[in-house]
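Peer 1: return atomic coordinates for the entry below.
(one chain, ligands or ions: 1)
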Amino acid sequence: MRILIAQSTEEFGALAFNEMIKIIKSNPSCTLGLATGSTPIPLYDAMAKDHAENGTSYKNVTTFNLDEYVGLPKEHPESYISFMKKNLFSRIDIDMKNVNIPNGQADDIAAECKRYSALLEKASVDIQVLGIGGNGHIAFNEPGTPFDSKTHRVQLTQKTISDNARFFSTIDEVPKSALTMGIGEIMRAKKLLLLANGKNKADAVYNMIKGPVTTDCPASVLQNHPDVVVILDQSAAEKI
Ligand code: F6R
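Peer 2: Now for the predicted structure:
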């Protein structure tokens, strides 16, 4: 596990971008695993800036997102597909046919999970971007999720619902469940790029890096992956 600590938001984005661009340059038909949330925004800003200034093309890039809320219309501004369009896809030349994200509005949620798992099984994700929850979750794999899990529906914990309430007008609007890539599928990516910033992540970051490998802290499973880069700001790094 390589741990890099950024001194500013700009450096945080630049360090993450540096890991991404190496992969995209070495294989313009690569497969990227993407995350939503506040943390990867400086990375997506750096990718958009580079695309505008240097013309890096994403025409042949395929993407897989980690998760999506259940029951939120795709057009809702807080759906994860809307988030991705706003923060990245509309700012680069990706072909939306190559974008994969679980469909949280599927009539048959179990069939949707199987469909997504089957796509992931055929894919080979070159780099997977991850954030971390204050409770150590990765994607929406909450504490207690088995390490060999595949795409599944989760009931979000009260902690995750209250953490995500900042994006909605009231906490009651936060969806109570989501579809998430499983931990087993995340671990199949060739490289993992975990990003964390802010004091509220410091305990989870400590447990991920220094704690025991246990489902109590889903992110601790990263200790078992051969190629992980962790990028932190100073507050998230304060306990390690
Ligand atoms: C998002 C995701 C979540 C977030 C995590 C941190 O696709 O999978 O695990 O990465 O909840 O969220 P932020 O970045 O908003 O603090």
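Peer 1: only C-alpha atoms for contact and neighbour calcs from this point on.
Peer 2: Fine.
Peer 1: CA atoms only: put the helix or strand of the chain with the lowest mean pLDDT into CSV for me.
Peer 2: Every helix and strand of the chain was ranked by mean pLDDT, DSSP states H and E. The lowest is helix 158-164, at a mean of 90. Extracted C-alpha coordinates of helix 158-164, given in CSV (Å, rounded to 0.1, in the frame of the first residue of the first chain):
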residue,chain,number,x,y,z
GLN,A,158,-28.3,5.5,9.8
LYS,A,159,-24.8,6.9,9.8
THR,A,160,-24.6,6.8,5.9
ILE,A,161,-28.0,8.3,5.6
SER,A,162,-27.1,11.1,7.9
ASP,A,163,-23.7,11.6,6.2
ASN,A,164,-25.5,11.8,2.8
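Peer 1: what's that helix in contact with?
Peer 2: Residues outside helix 158-164 that contact it (Cα atoms under 8 Å, 6 or more residues apart in numbering): 133, 135, 171, 174-176.
Peer 1: quick one, what contacts the most centrally placed residue in the chain?
Peer 2: Among the residues of the chain, the one closest to the centroid is Ala35, at 2.4 Å (Cα atoms, centre = their mean). Contacts of Ala35 were listed using Cα under 8 Å, 6+ apart, and they are 65-67, 129-131, 139.
Peer 1: hmm, back to that, of the contacts of helix 158-164 - the most surrounded one?
Peer 2: For the contacts of helix 158-164, the largest number of neighbours (other Cα atoms under 10 Å) sits with Gly133, at 24 neighbours.
Peer 1: near the ligand, which residues of this protein show up?
Peer 2: Neighbours of the ligand within the chain, by Cα under 6 Å from any ligand atom: 35-39, 66-67, 130-133, 137-140.
Peer 1: just the buried ones out of the residues you listed, please.
Peer 2: Burial by neighbour count, 16 or more other Cα atoms under 10 Å: within the residues of the chain next to the ligand this picks out 35-37, 39, 66-67, 130-133, 137-140.
Peer 1: looking at the residues you listed, which is nearest Ile94?
Peer 2: Ala35 (16.1 Å; Cα to Cα).
Peer 1: pLDDT score assigned to the residue nearest to the centre of the chain?
Peer 2: Per-residue confidence for Ala35 comes out at a pLDDT of 98.
Peer 1: ok, now how distant is it from Pro212?
Peer 2: Ala35 sits 25 Å away from Pro212, taking Cα to Cα, to the nearest Å as the criterion.
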